[in-house]
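**Student:** After the sequence you'll find the predicted model.
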Amino acid sequence: MSLLAENKKRIVRLVAGRHLRNHWDSVKLAGTRRIHIGHDSLVSALLRVITETAGDEQDRLEAG
């Protein structure tokens, strides 16, 4: 796996972890388990990064 792809995965884990901690804090404050709007933006961001990473790997395989 390329270093760039590895760094993207690490960043996604950091961002997702931070988001989930913030979400859990908001759930505890609200006293409910409803999902707030930020969840959709997180999912779309994760999908975008995964797609970009897959594209990077595909380019590397085709070039190799």
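**Tutor:** That came through fine. Residues are numbered from 1 along each chain as shown.

**Student:** before we move on, what SS does S41 have?
**Tutor:** Put simply, S41 is helix when judged by DSSP: H, G, I helix; E, B strand; the rest coil.

**Student:** Quick check: it vs R10, distance?
**Tutor:** Applying C-beta to C-beta, to the nearest Å, the value for S41 to R10 is 20 Å. No exception for glycine: its C-beta is placed from N, CA and C like everyone else's.

**Student:** ok, now L4?
**Tutor:** Applying C-beta to C-beta to L4 and R10 gives a distance of 11 Å.

**Student:** These two: who's more crowded?
**Tutor:** Applying other C-beta atoms under 10 Å to L4 and R10 shows that L4 carries more neighbours, namely 13 against 10.

**Student:** buried ones in stretch 4-13?
**Tutor:** Neighbour-count burial for stretch 4-13, counted by 16 or more other C-beta atoms under 10 Å, picks out A5, K8, V12.

**Student:** And the second one, what's its pLDDT?
**Tutor:** As predicted, K8 sits at a pLDDT of 79.

**Student:** The last one too?
**Tutor:** Per-residue pLDDT puts V12 at 76.

**Student:** Now do the contacts for it.
**Tutor:** Residues near V12 by C-beta atoms under 8 Å, 6 or more residues apart in numbering: L46, V49, I50.

**Student:** Tabulate those (CSV), appending secondary structure.
**Tutor:** Output for the contacts of V12, formatted as CSV (three-state DSSP):
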residue, secondary structure
L46, helix
V49, helix
I50, helix
